[in-house]
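S.K.: Provided below for reference: sequence and predicted model.
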Amino acid sequence: MLWLAICNIEDKRARERFKDAQKKGRTPRAGAGSYLVEGAGTSGWKQALQQLAMAYPERIEPYLK
C-alpha cells in the first residue's frame, strides 16, 4: 500500500512537471509526463512477471502467448 501511495504521489508530481514545462514554453521530451521520477525508469519487470506467472498461472499465462 505504501508503494502504491508513493507511485500515486510521484505520478502527480510528474504531471505537474510536464505542465510546468509546457507553460514555460519548453518542449517536454516524449513520454516525460509518464515517468514516476524524472529521469528514472523501472527495472526488474521480467523477474516480477516470472514470479507472478508461477504464483497465478491461470491469470498470467493467457497474456504471455
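M.R.: Good, I have the coordinates. What you see is a predicted model; the values in this text were computed from it and never measured.
S.K.: other SSEs contacting the helix or strand where residue 16 lies?
M.R.: Using DSSP states H and E, residue 16 sits in helix 2-23. The helices and strands touching helix 2-23, judged by 3 or more C-beta pairs under 8 Å, 6 or more residues apart in numbering; DSSP states H and E, number zero. Any C-beta I mention is one placed from the backbone N, CA and C, and that applies to glycine too.
S.K.: may I see the buried residues of it?
M.R.: Applying a neighbour-count criterion of 16 or more other C-beta atoms under 10 Å, one finds 14, 18 buried in helix 2-23.
S.K.: and it, how far out from the chain middle?
M.R.: A distance of 11 Å separates the centroid of the chain from that of helix 2-23, by C-alpha atoms, centre = their mean, to the nearest Å.
S.K.: also stretch 57-65?
M.R.: With C-alpha atoms, centre = their mean, you get 21 Å for stretch 57-65.
S.K.: got a list of contacts for that stretch?
M.R.: Applying C-beta atoms under 8 Å, 6 or more residues apart in numbering, the external contacts of stretch 57-65 come out as 49, 52, 53.
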